[in-house]
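> return atomic coordinates for the entry below.
(one chain, ligands or ions: 1)
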Amino acid sequence: MVNVHKYTIEENLPHKLGEYILQKQEDALKNAKFFNVAISGGSLINVLEKGLVDDSTIAPKIKWDKWNVYFVDERIVPLDHRDSNYCAFKDAVLDKLSVLPRVYPIDDSLVDAGAEAYEKIASEYEELLPNKLDLLLLGCGPDGHTCSLFPGDHHKYLIQEKVKKVMWCRDSPKPPSDRITITLPVMEDAGAICFVTMGSSKQETMHHIFDLKDTSMPSAVVNELFDNKVSWFVDDLAFETVTTKF
Ligand SMILES: O=C(O)[C@H](O)[C@@H](O)[C@H](O)[C@H](O)COP(=O)(O)O
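Numbering: from 1, shown residues only. A predicted model of the protein is given here:
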């Protein structure tokens with residue numbers, strides 16, 4: 001069963017997420033030299049800033065020099081563009097660290113080169129990924145998308161992919177329109193998958209995912225396929241209308 005961790009504002013979700021990530025870091029480093037993590041864009045990055053950088057009890061325990069950081073999805077824009085997930089992570093987290101992790105952004109030299117180049121950016125990114133990521137940190141959009149796996153017929157080629165680990169997502173309903181995204185095979189191989197979702201704008205989405213098990217939403221597919229290694233960190237606002245008990 002999927003694990004749901006629900007917090008009020010006073011209970012400080014970013015801190016609790018920080019503790020969870022620390023545990024995953026320690027578990028990974030028992031057996032390996034590096035902790036392999038992949039992160040999404042959106043509001044998650046600010047939660048990471050609060051939980052891993054600003055939190056004075058968590059921050060000293062993060063062994064950044066042992067982290068490899070990848071992106072579960074990335075917008076096909078230059079790395080210094082404000083829409084870039086790498087850029088958002090750099091501004092919110094990397095620029096505040098004295099010890100840096102190894103970070104694996106996309107090759108942005110091809111961002112203006114059109115469709116064929118976008119396939120190349122995706123396949124090159126696939127080459128960069130390790131065989132197994134220890135932890136995926138994901139967001140969930142109002143339409144139930146996660147990474148850049150969007151719902152609907154036009155994007156079902158992404159959620160249905162069984163072989164490629166990274167794909168070009170075209171015509172994204174959330175701008176910018178061209179992105180790369182990891183696929184389900186990467187999730188299948190991952191050690192743990194953790195969603196972070198906050199705010200009342202996600203209530204309807206949470207109801208669809210947790211009560212109705214609406215697998216037209218990619219996030220609900222992830223729950224269904226990988227349930228026992230999936231955790232959700234949610235606030236009480238996002239979960240207000242969910243009736244299923246966890
Ligand atoms: O690059 C992206 O757009 C993100 O990776 C995307 O998948 C995000 O995680 C969700 O849209 C949720 O974003 P919010 O948490 O900001 O709603």
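> get me the contact residues on the protein for the ligand.
Counting by Cβ under 6 Å from any ligand atom, the positions of the chain adjacent to the ligand are 40-44, 73, 75, 85, 139-141, 145-148, 174. All C-beta spots, glycine's among them, are computed from the backbone N, C-alpha and C.
> can you tell me how far residue 218 is from residue 109?
Note on residue 218: its distance to residue 109, by Cβ to Cβ, to the nearest Å, is 30 Å.
> check residue 75 too.
In this structure, residue 75 and residue 109 are 15 Å apart, going by Cβ to Cβ.
> stretch 129-143: which residues count as buried?
Under the neighbour-count criterion of 16 or more other Cβ atoms under 10 Å, stretch 129-143 has 129, 133, 134, 135, 136, 137, 138, 139, 140, 141, 143 buried.
> if I pick the second one, what's in contact with it?
What it means is residue 133. Residues near residue 133 by Cβ atoms under 8 Å, 6 or more residues apart in numbering: 36, 37, 38, 70, 186, 189, 190, 191.
> for the worst-scoring helix or strand of the chain on mean pLDDT, name the packing helices and strands.
Of all the helices and strands that make up the chain, the one with the lowest confidence by mean pLDDT, DSSP states H and E is helix 115-128; it has a mean of 94. Based on contacts counted as 3 or more Cβ pairs under 8 Å, 6 or more residues apart in numbering; DSSP states H and E, the elements that helix 115-128 packs against are strand 166-169, strand 179-182.
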